[in-house]
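1. Attaching a predicted model along with its sequence, questions to come.
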Amino acid sequence: MSSRRIVRFTRPLNNLRLRSAFGSGVRAFASQSRRRFYSSGFGAFGKAAMLAAGLGLTFAVMEEKQQPQQSKVGDYDAVRKAIAAMLDDESHDDGSRGPLLVRLAWHAAGTYDKASNTGGSNGATMRFPPESEWGANAGLVKARKWLEPIKQQFPWISYADLWTLAGTVAIEEMGGPAITWRPGRSDAADSKSCPPDGRLPAANKGASHIRDVFGRMGFSDQEMVALLGAHSLGRCHRDRSGYEGPWTRSPVTFSNEYFRLMLEEQWAPRKWDGPHQYANPAGDLMMLPADLALIVDPAFKKYVELYAKDRATFDKDFAAAWQKLMELGVPSLQK
């Protein structure tokens, strides 16, 4: 299993400590000034004046402390840093919010239809019902809420750009490849732009369904398999999709383990009262019917085998396919 590579953006300077130190310096300066006034014979008037000046400076520093930090419009590096800083969460699955942010970005973008040029990440239409209430989007309200404080901190960024950037940063932070991300998405005003339900892939279907869904967006077989490699991250939840369990033993680390395990483990139908899925002999991993369709179909399987043995090629192909997915249907980003 590949080692976990964590990429961290430098955290912003702690302005509170800086301002506190500045305030202490101001108070020291005021104290020294008062002593000079006392010794120079200004008497009670001088003492009162300098006390007032010192208090005024202290209050000014206190007031300055309370001012919110202003963000520069278009400073996407600052947004990246804010996203990276909020990923760790020991109260959430496996200690990271990253996999759910990846799912948010993917489900926002994966509704694109090239024939009608509708759907996709442009518009951030998952903010509205009925799209927000689709069964395929169950649980994603949590990811959207996580990103609200960042949206408030950087009000100039669209939700559509924020969601796709969050998924991209999460992949990079969890050890994935560097991915080109470009801004330019806008937000829809209401639910009129919501695409019809049924455009996202179903977990219980086979190879023909995968080709239908991803082919509708304009992806090749190679790109389809590369994108599904994101299943190295995260896990299924019974209270959302009905399925349960992780695909890999390190679900917060981006890797090619999804492909290796698919080929090397012995998968058998899981005996339980949930929907049809597969488990390995140890029972600690699972695969969905749509996952194992990749090794049933010969055209898909050759890419599974390639990516299982060649992490560098997988990273390169995934980065290109992910960028394409995030930009589908965005007029300003179309070549």
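-> Now that the structure is in, tell me what you want to look at.
2. how many neighbours does residue 116 have?
-> Applying the criterion other Cβ atoms under 10 Å, we find 10 residues in the vicinity of residue 116. C-beta coordinates here come from the backbone N, C-alpha and C atoms, glycine included.
3. Just confirm it is within a strand.
-> No. The assignment for residue 116 (DSSP: H, G, I helix; E, B strand; the rest coil) gives coil, which keeps it out of a strand.
4. so how far is residue 195 from it?
-> Using Cβ to Cβ, to the nearest Å, residue 116 is found at 9 Å from residue 195.
5. likewise residue 110?
-> Note on residue 110: its distance to residue 195, by Cβ to Cβ, is 10 Å.
6. Name the residue in the two with the higher neighbour count.
-> In this view residue 110 and residue 195 are compared by other Cβ under 10 Å, and residue 110 has more residues nearby, 23 against 20.
7. Show me how far the helix or strand where residue 105 lies is from its chain's centre.
-> Taking DSSP states H and E as the criterion, residue 105 maps to helix 98-109. Average the C-alpha atoms of helix 98-109, do the same for its chain, and the two points are 7 Å apart (Cα atoms, centre = their mean, to the nearest Å).
8. helices or strands up against the helix or strand containing residue 291?
-> Using DSSP H and E, residue 291 maps to helix 289-296. Where contact means 3 or more Cβ pairs under 8 Å, 6 or more residues apart in numbering; DSSP states H and E, helix 289-296 is packed against helix 207-217, helix 221-228, helix 257-264, strand 278-279, helix 298-309.
9. can you put these in a markdown table and add mean pLDDT?
-> Listed next are those as a markdown table, based on pLDDT from 0 to 100:
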| stretch | mean pLDDT |
| --- | --- |
| helix 207-217 | 98 |
| helix 221-228 | 98 |
| helix 257-264 | 98 |
| strand 278-279 | 98 |
| helix 298-309 | 98 |
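10. Between the ones you listed, which one is closest to residue 288.
-> The closest approach between residue 288 and any of the helices and strands packed on helix 289-296, judged by Cβ to Cβ, belongs to strand 278-279 at 7.5 Å.
11. what helices or strands is that closest one leaning on?
-> strand 268-269, strand 286-287, helix 289-296.
12. So for residue 166, which of the ones you listed sits nearest?
-> helix 289-296 (24.6 Å).
13. Okay, angle between the closest one and helix 257-264 too, please.
-> 60 degrees (axes from the mean of the first three to the mean of the last three Cα atoms, to 10 degrees).
14. CA atoms only: put helix 289-296 into CSV for me.
-> Only the C-alpha atoms of helix 289-296 are listed here, as CSV (Å, rounded to 0.1, in the frame of the first residue of the first chain):
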residue,chain,number,x,y,z
PRO,A,289,-21.7,-4.6,-8.2
ALA,A,290,-20.7,-1.6,-10.3
ASP,A,291,-17.2,-1.8,-9.0
LEU,A,292,-16.7,-5.5,-10.0
ALA,A,293,-18.2,-4.8,-13.4
LEU,A,294,-14.8,-3.2,-14.2
ILE,A,295,-13.1,-6.6,-14.1
VAL,A,296,-15.9,-8.5,-15.8
